[in-house]
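[1] With the input below, show me the fold.
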Amino acid sequence: MLTHHIIGLEIGGIGISLNIENLKIKKRLRIFYKNFISRRKPDIWIDAVGQNFLKPSLKSLILETPTWKLGKEHNSLFIYFPSSNPSLASFNHTLNKIKFYTHDSSGQLLLYLFPEILFSLILPKNKGLLLHACGILNKKKGYLFVAKAGGGKSTIAKLALKNGFIILNDDRIILRKDKDLFRIYGSPWHGEVKSTENKSLPIKEIFFLRKAKSCYLKPINKLEALEELLKNSFFLPINNDIIKKRFNLCVALVENLRCFKLYFRPEKSIWSLLNGDFKSYPQEK
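    Below you'll find the predicted structure:
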């Protein structure tokens, strides 16, 4: 009889139960997710097993990348990871129970790639987004910096560390609507800066990063801010309902939060700029 090893996590306010057969994988996951270990009641159950599986037909693919394929078989979603040692994640209809078949003893897919895909799937129906962004806490204030790869997120995080601020994540931030508030959450899937925290805080502004020779803010109109959010959110269009929920949440964000382009260079003066009350900046429509 196989012994399973359960790890309880909380990421973005969502509880996850990871049921692992392989003790080596469990130890690696506990180290990687150490800041996100939780006893909260799970919302999602992942059962990772080393069993053989039938390769899906791949005839009804929704999305295909070089490293994974998302599709449907028997009206249920699957994610297939082709390699010399392939793996398969098979979902139930409500996406809250997943059977993860793998013979990869490293557990690498459960560290990064699969959880990021999973959260891209489930967050829109939980009033949330997974953003290509850096999140920082300074005392009781939260900052959200959105940018594409190479746009300065890790640079901002390194500046924040020098000032003793808390880094939620320098590359992947979860944002969720909480009644009339919008909260940012740390995630484990970092970029260059390995500092991550399982904390959250409401935000009132969104800053879209631009590298420049000096530091200054420029209000951005709502349509441009919406386009930036859509480009920098991880999203899997599995059905029209999910597409609508993701779009409506982005609209709500730009309608309720102040949006700026932040032109910056790596210097401490950026924090004086960001600690202002922004009343002198007219909101663009």
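[2] Pop the domain breakdown of this protein in here.
    5-122, 129-274 (automatic domain parsing).
[3] Mean neighbour count for the ones you listed - can I get that in CSV?
    C-beta here means a position set from N, CA and C on the backbone, and glycine is covered the same way. Shown next, in CSV, are the domains of the chain (neighbours: other C-beta atoms under 10 Å):
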stretch, mean neighbour count
domain 5-122, 16
domain 129-274, 18
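[4] Can you lay out the ones you listed as CSV showing mean pLDDT?
    What follows is those, written out as CSV (pLDDT from 0 to 100):
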stretch, mean pLDDT
domain 5-122, 93
domain 129-274, 94
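[5] residue nearest the centroid of the chain?
    Leu130 (3.5 Å; C-alpha atoms, centre = their mean).
[6] what sits against Phe100?
    Ile46, Asp47, Ala48, Val49, Ser87, Leu88, Ala89, Ser90, Leu109, Leu110, Phe114 (C-beta atoms under 8 Å, 6 or more residues apart in numbering).
[7] Pull the contacting residues for Gly191.
    Lys153, Ser154, Asn169, Asp170, Asp171, Arg172.
[8] And the first one, how far from Ile167?
    As judged by C-beta to C-beta, to the nearest Å, Lys153 and Ile167 stand 10 Å apart.
[9] again with the second one
    Look at Ser154 and Ile167: by C-beta to C-beta, they are 10 Å apart.
[10] Overlap of the contact sets of those two?
    Joint contacts of Ser154 and Ile167 (C-beta under 8 Å, 6+ apart) are Cys134, Val193.
[11] rewinding a little: what touches both of Lys153 and Ile167?
    Here Lys153 and Ile167 have Cys134 as joint contacts, going by C-beta under 8 Å, 6+ apart.
[12] so Tyr101 touches Ser90, yeah?
    Yes: look at Tyr101 against Ser90 with C-beta atoms under 8 Å: they come within range, at 7.3 Å.
[13] Common neighbours of those two, please.
    Common neighbours of Tyr101 and Ser90 (C-beta under 8 Å, 6+ apart) are Phe53.
[14] picking that back up, residues touching the residue nearest to the centre of the chain, list them.
    Counting by C-beta under 8 Å, 6+ apart, Leu130 has contacts Glu116, Phe119, Ser120, Leu123, Arg172, Ile173, Ile174, Ser187, Ser233, Phe234.
[15] Now secondary structure and distance to Pro82 too, for those residues, in JSON lines please.
    Shown next, in JSON lines, are these (DSSP: H, G, I helix; E, B strand; the rest coil; distance: C-beta to C-beta, whole Å):
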{"residue": "Glu116", "secondary structure": "helix", "distance to Pro82": "18"}
{"residue": "Phe119", "secondary structure": "helix", "distance to Pro82": "22"}
{"residue": "Ser120", "secondary structure": "helix", "distance to Pro82": "19"}
{"residue": "Leu123", "secondary structure": "coil", "distance to Pro82": "25"}
{"residue": "Arg172", "secondary structure": "strand", "distance to Pro82": "24"}
{"residue": "Ile173", "secondary structure": "strand", "distance to Pro82": "29"}
{"residue": "Ile174", "secondary structure": "strand", "distance to Pro82": "28"}
{"residue": "Ser187", "secondary structure": "coil", "distance to Pro82": "26"}
{"residue": "Ser233", "secondary structure": "strand", "distance to Pro82": "26"}
{"residue": "Phe234", "secondary structure": "strand", "distance to Pro82": "21"}
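[16] continuing past the helix or strand hosting Ala252, what's the next helix or strand?
    Assessed by DSSP states H and E, Ala252 sits inside helix 240-256. Sequence-wise, the next helix or strand downstream of helix 240-256 (DSSP H and E) is strand 258-264.
[17] And the strands in the stretch 101-250 of the chain?
    128-138, 141-146, 166-169, 172-178, 181-185, 200-202, 205-211, 216-219, 233-234 (DSSP state E, counting those that start in this stretch).
[18] Give the pairing partners of the last one; include direction for each.
    This points to strand 233-234. Sheet pairing of strand 233-234 (DSSP bridges) gives strand 128-138 (antiparallel).
[19] Extract the C-alpha set from the strand it pairs with and format it as CSV.
    Extracted as CSV, the C-alpha positions of strand 128-138 are listed here (Å, rounded to 0.1, in the frame of the first residue of the first chain):
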residue,chain,number,x,y,z
GLY,A,128,-8.9,37.2,-9.5
LEU,A,129,-6.0,37.5,-12.0
LEU,A,130,-2.5,36.2,-12.1
LEU,A,131,-0.4,39.2,-13.2
HIS,A,132,3.0,39.7,-14.7
ALA,A,133,3.8,42.1,-11.9
CYS,A,134,5.9,43.0,-8.9
GLY,A,135,4.1,43.5,-5.5
ILE,A,136,5.6,45.4,-2.6
LEU,A,137,4.5,46.2,1.0
ASN,A,138,5.8,49.3,2.7
